[in-house]
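1. sequence first, predicted model second:
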Amino acid sequence: MEKIKKPVNTNSNETHATLSHDGESLYFVSDRDGGKGGKDIYKAKLMKDSTWGKVQILSSKINTSKDEATPFITKDNTLYFSSKGHNTMGGYDIFYSKKDGSGNNWGKPENIGYPLNTTKDDKYFAPVNNGKYGYIQLLREEGYGEFDIYKITFEE
């Protein structure tokens, strides 16, 4: 185990990291000063010397005045994340955003909707195969106990 140094880790809480498919961008959540809300999603680029470079907060298209969490980036640069600040059903909902044609700007986040998002906190989603299916933690009456892990397959 190796602790990642500054500028990624600070005296703040850094959580929920995900690495881009090419290994050159680290997306993570932090409650550091200068953010847009309580918890925001940031990105650091891998430098030639294998250290992480300057940390940048993602735009206000992604981060809101409320909390964001659990980023996950797919091979096709779709960012899945959870938010309390976008158009939610209640608590955290899971959203996705794709980069535009230039590859520089995030598109408007889309709520992945019901039945995955509910009035409860829905935030632990890990897409596989560019979002064709994924795994999610859900609290359901038909579950085995508290939270259970479900596999979801999305149709075209």
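-> Ah, there it is. None of the values given here were measured: they were computed from a predicted structure.

2. in three-state terms, label Lys5 for me.
-> Following DSSP: H, G, I helix; E, B strand; the rest coil, the label given to Lys5 is coil.

3. could you report the neighbour count for it?
-> With neighbours defined by other Cβ atoms under 10 Å, the count for Lys5 comes to 9. For glycine as for every other residue, the C-beta is placed from the backbone atoms N, C-alpha and C.

4. from what I see, it and Thr51 are in contact.
-> Yes - taking contacts as Cβ atoms under 8 Å, Lys5 lies within contact range of Thr51: 7.1 Å.

5. poorly predicted segments of the chain, please.
-> Across the chain, the ranges flagged by pLDDT under 70 are 156.

6. go ahead and flag the most central residue of the protein.
-> Centroid-nearest residue in the chain: Pro71, 1.4 Å away (criterion: Cα atoms, centre = their mean).

7. now do the contacts for it.
-> Shown in contact with Pro71 (Cβ atoms under 8 Å, 6 or more residues apart in numbering): 16-18, 27-29, 41, 79-81.

8. go on, Thr70?
-> Thr70 neighbours (Cβ under 8 Å, 6+ apart): 16, 29, 80-82, 123-125.

9. out of these, which one sits closest to Pro115?
-> Nearest to Pro115 among those is Phe125, at 12.8 Å by Cβ to Cβ.

10. tally of neighbours for the closest one?
-> Phe125, neighbours per other Cβ under 10 Å, totals 24.

11. go ahead and confirm it touches Thr78.
-> No - with contact defined as Cβ under 8 Å, Phe125 does not count as touching Thr78 (11.9 Å).

12. next up, phi/psi of the residue nearest to Asn105 when sequence neighbours are not counted, please.
-> Once flanking residues are discounted, Asn105 sits nearest to Lys99: 6.7 Å by Cβ to Cβ, 6 or more residues apart in numbering. Per-residue torsions, Lys99: phi -80, psi 150 (degrees, to the nearest 10).
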